[in-house]
Each structure stands twice: as C-alpha cells, then as structure tokens.
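Fold the following.
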Amino acid sequence: MTHDLEPDLRVWSREYLAVPQDSVSAAFESSEIEAAIRRPCRGELGPAALVLDPSSLRGDPFAVGRVRWNFTEAGPAELVLEDLATFEPESTLKADEIGAILLDHCREHGIRHVFSDQRESFTWRRLFELEGLKFHELVWSSKTKSLAVERLRGLLRDRQLVIAASADRKQRPRWVERIRKELATFEVRVMPSGSLSFEARQGHHDDAVAVLLTSALADLGQLLPAGAGRSFGSTVTARVLGGPTRHRDD
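Okay, here's the model as predicted:
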C-alpha cells in the first residue's frame, strides 16, 4: 500500500522504514556514486562524443569529457564517461590553444559530435563546424537543469552511469576523484519560492558535474550518437530542450 503512495524506493525507505539517508541537500546518493566508478560491462561501444563545460578561465575551470554508450551483452546500456580534463583559471592557454587540443582529441577518437551549453557557444560552434563536426548547443535553464539532474539520478540509480576506472583507488586517474568529490558535494536547495536550485556546496566546484549534466540533457534529447542502425534514448519534447529530438546514429 505504502509503495503505491511513494514509488521512489529511496524516499519510501526514509519515510516509511526510517532508514537514515544522506543529507537532504545532497543531489546524489553517495552509495550510487561509488557504484558508478567501475569498469564498463562487456558490450558493444557506440561512437564517442565530446561534452564541454566552457569557461573564459577568468574564475571557473573549463571542463571537457568524452562519453559514449556501451550496449551491454546482458542488461541495459551504460553511459560511460571515459575521460575528463579541466583547464584551470591559472592556465596561460588561450581559447584557440584549447580549441587545438580539443580538435586533436576529436581526431584521435573519431569524434563527430560535440555538446555544450550556451556559454560562448558562438566561438565553439564556429571552431568545430569549420572542422566538419556537429556542434549541439543545449540551452541551460532552471527547467532543463532540473531535468538533467533527474536523468542523472536515474542513470545512477539504475547502474547505467559508468565513470570508467579501476576498482583499485590507487590505479585511478586524478579526474575520477575530482568528479566523485564534485558529485558528492553537489546540492539541491529549496528556494523561498518553492523552486529548486542545484549547485556545488560552498567552497567546491561543479564543472565536472556540469559535463555529466550536459550529457544527460543530450540523452534526453536523443542526441548522443548510438551507432549505425541503432535507435536509442529517452524522449523529451524539442520545446523543452530547445532543439530536435531525433536521435543521431552517426
């Protein structure tokens, strides 16, 4: 009976079984974050995509990640974060130098699709489209950010998000610890108006989390490349995301 009143297992356990939960301000469950840090299951990998969280480097880092679908032999597909890099504010690199690094990465990994929010999108769209790559601008707003957080929660809960790394902490690259920490300190706040606000805890960053949230938005819009002959993804109207919902197969 109570499951009918509250279908979310996490909320049901807290409200009806008095099972202790993470801080109410935590956006993601700590146990689910830890479970996501693992090797992908055996399966067929889809094409890689590049996901940006752009910055002018005047205060915030510039984060970029490489993601792709893994179509497992048994079980649901996994969204795999294979690599992540950040350019820090103290970096002396200019935008064109960062662009050259990103283009080299795209060539190395056969990337044809690049995803980003609207920040400095004109500059980055021009850079990638001049090289024949498809640039997808996903508009961030309070509504789309909330949708992205919910999608990322679902991927974590269903064990469909993989932060590709060894189970041995000593063998993990530094970026894995960075994104683990950012996920753990990403918070949801209820504003006086009743709306929700999502951001890093005071004194922490969320640039790496933003890469995952933009990836989640791309998945909701059925834009992440899946590979020839595949039709895969979630469904959200173009009106909400500000772009087409037709899934890209290349």
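
show me where this protein has helices.
Secondary structure of the chain (DSSP state H): helices located at 2-5, 9-16, 30-36, 95-109, 121-130, 142-157, 174-184, 207-220, 238-241.

closest one to L57 among these?
helix 95-109 (8.4 Å; Cβ to Cβ). For every residue, glycine as well, the C-beta is placed using N, CA and C.

Can you give the contact residues for stretch 89-104?
50, 52, 55, 57-62, 64, 87, 123-124, 127-128, 131 (Cβ atoms under 8 Å, 6 or more residues apart in numbering).

circling back to that earlier point, deepest of the helices of the chain, which one?
Greatest average neighbour count among those goes to helix 207-220 (a mean of 26), per mean count of other Cβ atoms under 10 Å.

before we move on, back to that, output the helices of the chain as a markdown table; include the columns mean pLDDT and distance to S197.
Listed next are these as a markdown table, based on pLDDT from 0 to 100; distance: least, Cβ to Cβ, whole Å:
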| stretch | mean pLDDT | distance to S197 |
| --- | --- | --- |
| helix 2-5 | 62 | 27 |
| helix 9-16 | 55 | 20 |
| helix 30-36 | 95 | 20 |
| helix 95-109 | 95 | 29 |
| helix 121-130 | 95 | 23 |
| helix 142-157 | 94 | 8 |
| helix 174-184 | 94 | 17 |
| helix 207-220 | 96 | 14 |
| helix 238-241 | 36 | 19 |
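
Adding distance to A74, write those out as TSV.
Below are the helices of the chain laid out as TSV (distance: least, Cβ to Cβ, whole Å):
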stretch	distance to A74
helix 2-5	27
helix 9-16	23
helix 30-36	18
helix 95-109	26
helix 121-130	36
helix 142-157	18
helix 174-184	25
helix 207-220	21
helix 238-241	31
